[in-house]
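*Asks:* could you look at this predicted model? Sequence included:
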Amino acid sequence: MSTLQRSTQPAVARRSAEAQVRESITRFARLHWVVKAVVERFLAAVGNQDLDALPGMFAPGASIASASLRQGRWVTTSQSFDAWLAKLRAAPRGQPYREPVTEFTVHVDDERLAFVRADATLIRGGVVRSHNIDYFTLLRDSTGTWKFVNGSYTSKPVQQE
């Protein structure tokens, strides 16, 4: 090996390592963006009462759980996604709402499992109604589609002034 080849090897290896790091960061950012978009699509569908959009977002056997502060007492529920959806379909159609997320925390492992914390505010009729902390667990299925396996949240009413 010539002196020139030996002197350029570390620089080539360094550039290659830097390229791998950049590629890894780009893939990581893309996965986080995609997972956040799936969560935002779900929140928009629920808020707009687009119930037909929901089943395709959930894996078989998925669950929904909540802890809501109502009149000074915590009320908790836990049910299958199918039972939760049936309850929504049976309820009278209410006023649509928005649930903008102010802060996301996203963890993705092995490009297959995602855990998301979404700090959100529920707004109905232009009025802030509650502060919600949503947690979601998603799995990427064999087709590459992210599906919810669990959605859990706490909801505390916001005092109106």
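*Replies:* Thanks, I have the structure now.
*Asks:* can you give me the neighbour number for Thr102?
*Replies:* Applying other CB atoms under 10 Å, we find 9 residues neighbouring Thr102. For the C-beta atoms, the positions are set from N, CA and C on the backbone; glycine is no exception.
*Asks:* with adjacent residues omitted, what lies nearest to it?
*Replies:* Of all residues not flanking Thr102 in the chain, Asp119 sits nearest, at 5.3 Å (CB to CB, 6 or more residues apart in numbering).
*Asks:* can you name every helix or strand that the helix or strand that neighbour falls within contacts?
*Replies:* Assessed by DSSP states H and E, Asp119 sits inside strand 113-124. The helices and strands touching strand 113-124, judged by 3 or more CB pairs under 8 Å, 6 or more residues apart in numbering; DSSP states H and E, are helix 3-47, strand 97-98, strand 101-109, strand 127-140.
*Asks:* find the residue at the geometric middle of this protein.
*Replies:* Geometric centre of the chain, nearest residue: Val39, 3.6 Å, by CA atoms, centre = their mean.
*Asks:* wait, isn't it in contact with Val116?
*Replies:* Yes - using CB atoms under 8 Å, Val39 is in contact with Val116, at 5.5 Å.
*Asks:* nothing else from me, thank you.
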